[in-house]
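Student: Below are the sequence and a predicted model for it; my questions follow.
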Amino acid sequence: MPGPKNRTHRQRVARASIALLGLTLFGCTTTGPGGALFVPATEPGPGEALVYIYRAEPLRGVPAVDLKIDAQSLGELHRGEYLSLLLGPGRHVLKARLRWLGIIPRAWNSVAFTAQPGQTLYLRVRSGYQADAGSPAGLRESTGAEPTGGVAIFLAEQKADLAALEMPTMRRVAGR
């Protein structure tokens with residue numbers, strides 16, 4: 001029969017292993033986004049719109065969000081990152097989804113927007129437990145249902161003055 005000293009050591013090893021497994025599964029890291037700090041892109045030309053997509057939220061431990069615009073994959077967006085792109089004028093749809101435990105994809109959430117020639121738009125992606133009190137009407141979680149207390153992804157068009165407060169801390173998606 002093992003003595004109390006061996007049992008205590010095994011318990012410590014088991015706790016450390018569980019903690020390491022939790023950090024691995026939930027994507028918790030101590031480093032932030034690695035891209036360059038926000039620099040405004042060149043103003044859009046007369047036949048295009050500039051769109052910034054960014055992810056600002058206080059919630060830690062939520063892995064990357066998959067993004068699509070008009071069915072074209074944009075890759076992943078981590079907390080504190082942004083990307084910019086030029087789009088033709090007209091109606092577009094941004095879609096985003098979380099992956100449960102960083103592996104199992106959840107349903108896509110989407111926000112439709114209309115881009116005007118020469119316009120700059122800001123689209124905010126946020127994961128959280130529920131919609132902000134001041135969130136635009138119609139905000140839904142990634143399952144398409146009303147927020148229920150589980151972690152969800154929220155998408156909204158952000159006003160330029162509010163985006164101007166958040167964008168300076170954003171880092172460009174690495175490799176874009």
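Tutor: Good, I have the coordinates. Since we're looking at a predicted model, the values are computed, not measured.

Student: how about the helix or strand containing residue 163: buried residues?
Tutor: Residue 163 belongs to helix 160-166 when elements are defined using DSSP states H and E. Buried residues in helix 160-166, defined by neighbour count with 16 or more other Cβ atoms under 10 Å: 163, 166. Every residue, glycine included, has its C-beta placed from N, CA and C.

Student: packing partners for the helix or strand just after that helix?
Tutor: Counting by DSSP H and E, the next helix or strand C-terminal to helix 160-166 is strand 171-172. Here strand 171-172 is seen to pack against strand 81-87 when contacts are counted using 3 or more Cβ pairs under 8 Å, 6 or more residues apart in numbering; DSSP states H and E.

Student: buried set for the strand it packs on?
Tutor: For strand 81-87, by 16+ other Cβ under 10 Å, it's 81, 82, 83, 84, 87.

Student: ok, the residue lying closest to residue 91 once chain neighbours are set aside - how many residues close by?
Tutor: Nearest-residue entry for residue 91: residue 114, 5.2 Å, with adjacent residues in sequence omitted and distances by Cβ to Cβ, 6 or more residues apart in numbering. Around residue 114 sit 12 other residues, with neighbours defined as other Cβ atoms under 10 Å.

Student: could you measure residue 114 against residue 87, distance?
Tutor: Spatial separation of residue 114 from residue 87 under the definition Cβ to Cβ, to the nearest Å is 10 Å.

Student: ok, then the element right after the helix or strand of the chain with the lowest mean pLDDT?
Tutor: Taking mean pLDDT, DSSP states H and E as the measure, the helix or strand of the chain with the lowest value is helix 4-25, at a mean of 51. Next in sequence after helix 4-25, counting helices and strands by DSSP H and E, comes strand 49-55.
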